[in-house]
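**Student:** I would like to see how this sequence folds:
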Amino acid sequence: MSFQILAYITAGAACLLGLRFIFAGAGVLKEWDVEVTAGALILFRRLGVIYLGLAVIFLLGRNAAPSDFRSAMCLVMAGAVAVLASMGLFEFLSRRAGAGIFRSVVGEAVLSAAFIWQWWSGS
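**Tutor:** So this is what the prediction gives:
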């Protein structure tokens, strides 16, 4: 998989997730079996904006040539997404989230592996 394809996938997923967090955060919380509160929805909307920013970064940087900066972006994304997957698993094991969070955990683990592979291959 080329960096360009990975950037398109990341931008698309981040855009959809960001819009969902902003406009339908309660649905995500219900899927995860987490109580819907005003505080959680505020955080979800703010997080949604961050995801939209990531989508723009990867959309604009999809044609970036191999460089130290691009490698750093791949490593940072791989690490951040791996931590998100780990935290989702931790919340499930701590019984603060339901089994619905596994879809997110799997998606994050796959995305993390793709960024590690991209960094490793350097293409």
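**Student:** Could you use CA atoms for every contact and neighbour count after this?
**Tutor:** Noted.
**Student:** neighbouring contacts of stretch 107-123?
**Tutor:** Outside stretch 107-123, the residues within contact range by Cα atoms under 8 Å, 6 or more residues apart in numbering are 1-3, 6, 10, 66, 71, 74-75, 77-79, 81-82, 84-85.
**Student:** if you set the cut-off to 10 Å instead, what comes out?
**Tutor:** By Cα atoms under 10 Å, 6 or more residues apart in numbering, the residues outside stretch 107-123 that reach it are 1-4, 6-7, 9-10, 13, 65-68, 70-86, 88, 102-106.
**Student:** From those, list the buried ones, please.
**Tutor:** 3-4, 6-7, 9-10, 13, 70-71, 74-75, 77-79, 81-85, 88, 102, 105 (16 or more other Cα atoms under 10 Å).
**Student:** which helix is the longest one in the protein?
**Tutor:** helix 68-93 (DSSP state H).
**Student:** Report all helices and strands that it contacts.
**Tutor:** The helices and strands touching helix 68-93, judged by 3 or more Cα pairs under 10 Å, 6 or more residues apart in numbering; DSSP states H and E, are helix 3-23, helix 102-121.
**Student:** Let me know the angle separating the longest one from helix 68-93.
**Tutor:** Going back to what we said before, that points to helix 3-23. Relative orientation of helix 3-23 versus helix 68-93 (axes from the mean of the first three to the mean of the last three Cα atoms, to 10 degrees): 50 degrees.
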